[in-house]
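Participant: Pasting the sequence and the predicted coordinates here, then a few questions.
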Amino acid sequence: MAADRYVAITGGVGGAKLALGLTQLLTPDELCFIVNTGDDFEHLGLHISPDIDTLLYTLAGQSNTDVGWGRRGETWQFMHALRELGGETWFNLGDLDLAMHIERSRRLRDGARLTSVTRALAAALKVEYEILPMSDTPVRTMIATVGGELAFQHYFVRDRCAPAVTGFRFDGAAAATLTPEIARHLDDPRLAGVIICPSNPFVSVDPVLAVAGIHERLASARVPVVAVSPIVAGAAIKGPTAKMMLELKIPNSAVEVAQHYRHLLRGFVLDSQDAALEAAVAALGIDTVVTQTVMLTLPDRMQLASDVLRFIKRLK
């Protein structure tokens, strides 16, 4: 009997934590990832794909846990030299990480699709799981702020999320097309469930959903779509999610995250600190499970992954 298959949608460090837990329980034939590329940008003449690289390094055991991003054992001679020359240094590119961006950019210039480039880079790092960019067509997340619109990395890294947010725009989304690889996985008769990892719903997941064909497939899915809340006890475990919600005048609550995904979800995973919110999520017509979603260790990641998979099976 063929094994069930799962698709996980992820972006950033929080999503990569659950992704790692899932890989400890599911084989490469049973699991693939759709990754946000709205954070991608051109910098110093290179194509940078931060969320793809975060997942690649995490699954390869090469993530830089000292700073929470980039590659393990990183050095910074390139950045030191660039600073001496008066170059742009607001976005740190480590010496080891730089190799990834140079090779990706070379392959893209030669005409390869981002999907095939990502597959080749994953293979070079001995990552067997399929990591699928949300589209081969560029989509760029733009942040509307009180001071004007900013490209995502300018807001997130250069300005350290300081400007107050008023909205979001996904430049290029109208022209973005669903890749055949993503369509194949979402249409697979063996698909058992879709997991939305605890990533920022506004700038990590919404860009994925903005690609034509993805939202529609999830909304009409015959299998459970389950999201893990990135908000715990009114705070974001990682990143500016809670700050964005405050500035958008959205209550800092896991219930609001469930509401945001309401038309897609069969199930929602709450942290045990938010157990009192279970009834409010259920009132949205979404089944819930309460467990520990804060992932500090590999066993934490594995336990949450196990709880999510068990929840999906119950919903089926």
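Facilitator: Cool, the structure landed. Because the structure is a prediction, the values reported are computed rather than measured.
Participant: contacting residues around stretch 294-304?
Facilitator: For stretch 294-304, contacts defined as Cβ atoms under 8 Å, 6 or more residues apart in numbering pick out 17-18, 20-21, 24-25, 228, 232, 237, 269, 271, 291-293. In this view, the C-beta of every residue, glycine as well, is placed from N, C-alpha and C.
Participant: Out of those, flag the one nearest to Val281.
Facilitator: Val269 (9.8 Å; Cβ to Cβ).
Participant: can you pull out the strands in the stretch 51-200 of the chain?
Facilitator: Under the criterion DSSP state E, counting those that start in this stretch, the stretch 51-200 of the chain contains strands at 130-133, 140-145, 148-151, 165-171, 191-196.
Participant: so which of these gets nearest Thr241?
Facilitator: Comparing the strands of the stretch 51-200 of the chain against Thr241 with Cβ to Cβ, the closest turns out to be strand 165-171 (10.7 Å).
Participant: who does the closest one pair up with?
Facilitator: Strand pairing for strand 165-171, using DSSP bridges, gives strand 140-145 (antiparallel).
Participant: chain center to the strand it pairs with, what's the gap?
Facilitator: Distance of strand 140-145 from its chain centroid, counting by Cα atoms, centre = their mean, to the nearest Å, is 17 Å.
Participant: what does stretch 278-292 give?
Facilitator: The answer for stretch 278-292 is 22 Å, by Cα atoms, centre = their mean.
Participant: now what about that stretch, what contacts it?
Facilitator: 254-255, 258-259, 262, 265-272, 274-275, 300, 303-304, 307, 311, 315.
Participant: Mind checking which of these are buried?
Facilitator: 254-255, 258-259, 265-271, 274, 300, 303-304, 307, 311 (16 or more other Cβ atoms under 10 Å).
Participant: returning to that earlier point: and the strands of the stretch 51-200 of the chain: which comes nearest Arg222?
Facilitator: strand 191-196 (8.2 Å).
Participant: Check what contacts the closest one and list those residues.
Facilitator: With Cβ under 8 Å, 6+ apart as the criterion, strand 191-196 contacts 4-9, 18, 22, 185-186, 205, 218, 221, 223-228, 261, 264-265, 308-309, 312-313, 315-316.
Participant: how about Val257, what does it touch?
Facilitator: Contacts for Val257 (Cβ under 8 Å, 6+ apart) come out as 201, 227, 229-231, 268.
Participant: Pro207 and Asn36, how far apart?
Facilitator: 5 Å (Cβ to Cβ, to the nearest Å).
Participant: Sort out for me which of the contacts of stretch 278-292 are in helices.
Facilitator: Counting by DSSP state H, the contacts of stretch 278-292 place 254-255, 258-259, 300, 303-304, 307, 311, 315 in helices.
Participant: Now pLDDT and distance to His154 too, for these, in CSV please.
Facilitator: Putting the ones in helices among the contacts of stretch 278-292 into CSV (pLDDT from 0 to 100; distance: Cβ to Cβ, whole Å) gives the following:
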residue, pLDDT, distance to His154
Ala254, 97, 29
Val255, 97, 31
Ala258, 98, 30
Gln259, 97, 29
Asp300, 97, 33
Gln303, 98, 37
Leu304, 98, 33
Asp307, 98, 37
Phe311, 98, 38
Leu315, 96, 40
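Participant: Reformat those as JSON lines; add distance to Gln62.
Facilitator: What follows is the ones in helices among the contacts of stretch 278-292, written out as JSON lines (distance: Cβ to Cβ, whole Å):
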{"residue": "Ala254", "distance to Gln62": "32"}
{"residue": "Val255", "distance to Gln62": "37"}
{"residue": "Ala258", "distance to Gln62": "34"}
{"residue": "Gln259", "distance to Gln62": "37"}
{"residue": "Asp300", "distance to Gln62": "20"}
{"residue": "Gln303", "distance to Gln62": "23"}
{"residue": "Leu304", "distance to Gln62": "22"}
{"residue": "Asp307", "distance to Gln62": "27"}
{"residue": "Phe311", "distance to Gln62": "30"}
{"residue": "Leu315", "distance to Gln62": "34"}
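Participant: ok, these vs Thr65, which is closest?
Facilitator: Out of these, the member with the shortest distance to Thr65 (by Cβ to Cβ) is Asp300, at 14.2 Å.
Participant: What segments of the stretch 151-300 of the chain are helices?
Facilitator: Using DSSP state H, counting those that start in this stretch, the helices of the stretch 151-300 of the chain run over 152-153, 180-186, 206-209, 214-219, 241-247, 254-260, 278-282, 298-315.
Participant: could you point out where the stretch 101-250 of the chain is predicted with low confidence?
Facilitator: Under the criterion pLDDT under 70, no range of the stretch 101-250 of the chain is flagged.
Participant: Just confirm Asp206 contacts Phe168, I think it does.
Facilitator: Yes: using Cβ atoms under 8 Å, Asp206 is in contact with Phe168, at 6.8 Å.
Participant: tell me the contacts of the residue lying closest to Phe168 once chain neighbours are set aside?
Facilitator: Of all residues not flanking Phe168 in the chain, Phe202 sits nearest, at 5.7 Å (Cβ to Cβ, 6 or more residues apart in numbering). By Cβ under 8 Å, 6+ apart, Phe202 lies in contact with 168, 241, 244.
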